[in-house]
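> here is a sequence with its predicted model. Questions after.
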Amino acid sequence: MTAEHLALLRLHLTPQLGRSALFRIHEHFTTFSAALQASERAWLRAGIPQALFHNRPGENSKAYLSALAAIDQFAIKICSFWDADYPQLLKEIYDPPAVLYIRGQLPATECLAIVGSRRASAAGQVITKELACELAGQGICIVSGLARGIDSAAHRGALQASGRTIAVLGCGVDQVYPAENGYLYNEILKNNAIISEYPPGTRPFPGHFPGRNRIISGLSKGVLIVEAAEKSGSLITGDFALEQGRELFAMPGSIQSPNSNGTNRLLKQGAVLVTESADIINLLWPARNVLMQQCQFADRQIEGVDAITQKVYQFLSHDPLHTDEIAHKCGLTPMELSVILLDLELRGVIQALPGDFFVRC
């Protein structure tokens with residue numbers, strides 16, 4: 001880590017010294033190292049309040065040493081707005097972060113953001129994973145927020161295709177939030193990136209997430225929203241997308257589902273309707289091959305099963321179906337069906353849901 005990055009870290013850890021003050025300091029002093037060595041009077045001339053000058057953590061302060069320890073332990077990189085490797089699209093938004101903390105490696109490929117409800121339906125998660133897989137298979141990096149529901153499905157779809165994905169956090173990159181996504185967090189780190197504008201050790205406070213959302217859209221050429229209620233935080237990401245001049249996509253949903261109210265409203269207001277990945281590819285990347293790889297989601301014959309098992313599998317879809325309906329349509333007794341469903345579940349091609357419902361994986 002350079003001396004300039006260390007100086008930026010100390011300033012960023014200063015209580016009440018935010019993004020705009022960092023930009024003002026850099027504009028006035030040219031380097032953060034020079035700012036740390038400048039006098040109180042020089043800070044006042046730069047328009048920085050006197051209290052901020054005195055609040056700067058010293059080199060032996062607990063906050064600074066703790067941040068350094070986390071940076072070393074988790075191999076965190078600091079990337080400032082003024083560095084050559086700062087993401088170009090993000091640099092162009094109205095209020096770009098002055099500093100990014102990065103675990104892993106930022107991809108050089110173009111990005112699409114996929115966000116949606118934390119309380120997503122099983123069908124919504126399956127469809128999101130399929131779309132993300134197809135898009136990542138075309139070399140597009142999937143950006144999301146590592147939240148429950150749609151965000152997690154988007155990351156998993158990109159990983160399924162061995163593609164690129166970026167998780168943007170509303171806390172420090174040394175924090176796993178939500179805790180249940182610890183495995184996904186580690187899978188992303190293997191070949192991809194987890195980033196945040198918050199220093200190591202920062203806890204996930206609610207006020208951090210709107211700012212996180214502007215980064216998700218800022219990194220991306222477009223934003224796809226899948227399942228969002230009327231007051232969903234995902235709609236904030238959509239607002240940022242429009243402010244930043246990004247293309248806004250939405251997936252339609254049932255008019256009876258509260259989780260679709262937000263996305264259906266966006267479609268009424270002019271968002272691009274998406275029912276398949278080609279809808280996005282053709283608009284943002286028309287030169288790419290639109291013959292999408294199916295990533296193990298297309299209808300297929302399952303090897304090593306009899307005809308009735310294959311029939312049950314073909315009847316199942318991304319929409320949850322109850323065992324009574326499956327048994328009736330396939331002409332099976334509950335006992336016969338339970339054996340077949342268990343076999344398909346063990347093969348990893350279907351998933352059991354609460355209430356005796358099943359969906360394809």
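Alright, I've got the coordinates.

> can you pull out the helices in the stretch 1-150 of the chain?
Using DSSP state H, counting those that start in this stretch, the helices of the stretch 1-150 of the chain run over 3-12, 19-29, 32-37, 40-45, 50-55, 62-73, 88-91, 122-137, 150-160.

> most neighbours per residue, which of the ones you listed?
Mean neighbours per residue, mean count of other CB atoms under 10 Å, is largest over those for helix 150-160, with a mean of 26. Yep, even glycine has a C-beta here, placed from its N, CA and C like the rest.

> avg pLDDT for the one helix or strand Arg214 maps to?
Here Arg214, judged by DSSP states H and E, is contained in helix 209-218. Here helix 209-218 scores 96 as its mean pLDDT.

> got the CA positions of that helix in CSV?
Extracted in CSV, the C-alpha atoms of helix 209-218 (Å, rounded to 0.1, in the frame of the first residue of the first chain):
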residue,chain,number,x,y,z
PHE,A,209,-27.6,1.0,1.8
PRO,A,210,-29.0,3.8,-0.3
GLY,A,211,-25.4,4.9,-0.9
ARG,A,212,-24.4,1.3,-1.6
ASN,A,213,-27.2,1.2,-4.3
ARG,A,214,-25.8,4.2,-6.2
ILE,A,215,-22.5,2.2,-6.5
ILE,A,216,-24.3,-0.9,-7.8
SER,A,217,-26.0,1.1,-10.6
GLY,A,218,-22.9,3.3,-11.1
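
> output the contacting helices and strands for the helix or strand just after that helix.
Sequence-wise, the next helix or strand downstream of helix 209-218 (DSSP H and E) is strand 222-226. Using 3 or more CB pairs under 8 Å, 6 or more residues apart in numbering; DSSP states H and E as the contact test, the elements touching strand 222-226 are strand 111-116, helix 122-137, helix 234-243, strand 247-250, helix 261-268, helix 277-284.

> what residues sit buried inside the last one?
In terms of neighbour count (16 or more other CB atoms under 10 Å), helix 277-284 has its buried residues at 277-281, 284.

> out of the residues you listed, the closest to Ala98 would be?
Among the buried residues of helix 277-284, Leu284 lies closest to Ala98 (CB to CB), at 28.2 Å.

> buried sites along the helix holding Arg214?
209, 211-218.

> list the helices and strands that helix packs on?
Using 3+ CB pairs under 8 Å, 6+ apart: helix 209-218 touches helix 88-91, strand 111-116, strand 165-168, helix 234-243.

> now what about the first one, what contacts it?
Applying CB atoms under 8 Å, 6 or more residues apart in numbering, the external contacts of helix 88-91 come out as 81, 96-97, 111, 215, 218-221.

> how far away from the center of its chain is that helix?
Offset of helix 88-91 from its chain centre (CA atoms, centre = their mean, to the nearest Å): 17 Å.

> so for that helix, mean pLDDT?
pLDDT averaged over helix 88-91 gives 96.

> returning to that earlier point: could you work out which of the helices of the stretch 1-150 of the chain reaches nearest to Ala228?
helix 150-160 (8.4 Å).

> now the closest one against helix 234-243, angle please.
Here helix 150-160 runs at an angle of 70 degrees relative to helix 234-243 (axes from the mean of the first three to the mean of the last three CA atoms, to 10 degrees).

> thinking again about what came up before, can you tell which of the helices and strands packed on strand 222-226 is closest to Leu52?
Across the helices and strands packed on strand 222-226, closest to Leu52 is helix 234-243 (CB to CB), at 27.7 Å.

> and that closest one, what does it pack against?
strand 111-116, helix 209-218, strand 222-226, strand 247-250, helix 261-268.

> a markdown table for the ones you listed, including distance to Ile76?
A markdown table is the format used below for those (distance: least, CB to CB, whole Å):
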| stretch | distance to Ile76 |
| --- | --- |
| strand 111-116 | 21 |
| helix 209-218 | 16 |
| strand 222-226 | 27 |
| strand 247-250 | 32 |
| helix 261-268 | 34 |
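
> just tell me which of the ones you listed ends up closest to Leu235.
Across the helices and strands packed on helix 234-243, Leu235 has its closest neighbour in helix 261-268 (5.2 Å, CB to CB).

> for the record, mean pLDDT for that closest one?
Taken as a whole, helix 261-268 carries a mean pLDDT of 94.

> generate CSV for the helices and strands packed on strand 222-226, with distance to Gln73 as supplementary columns.
CSV is the format used below for those (distance: least, CB to CB, whole Å):
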stretch, distance to Gln73
strand 111-116, 28
helix 122-137, 30
helix 234-243, 31
strand 247-250, 39
helix 261-268, 39
helix 277-284, 38
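
> among these, which is nearest Ser162?
Comparing the helices and strands packed on strand 222-226 under CB to CB, the one sitting nearest is helix 122-137, at 7.9 Å.

> ok, the residue lying closest to Ala193 once chain neighbours are set aside - contacts?
Leaving out its chain neighbours, the residue that sits closest to Ala193 by CB to CB, 6 or more residues apart in numbering is Gly104, at 4.0 Å. Counting by CB under 8 Å, 6+ apart, Gly104 makes contact with 188-189, 191-194.

> and stretch 269-277, how far from the chain's centre?
What separates the centre of stretch 269-277 from the centre of its chain is 19 Å, taken as CA atoms, centre = their mean.

> what distance do you get for the spatially most central residue of the chain to Glu134?
Taking CA atoms, centre = their mean, the centroid of the chain lies closest to Ser144, which sits 1.1 Å from it. Separation of Ser144 from Glu134 (CB to CB, to the nearest Å): 15 Å.
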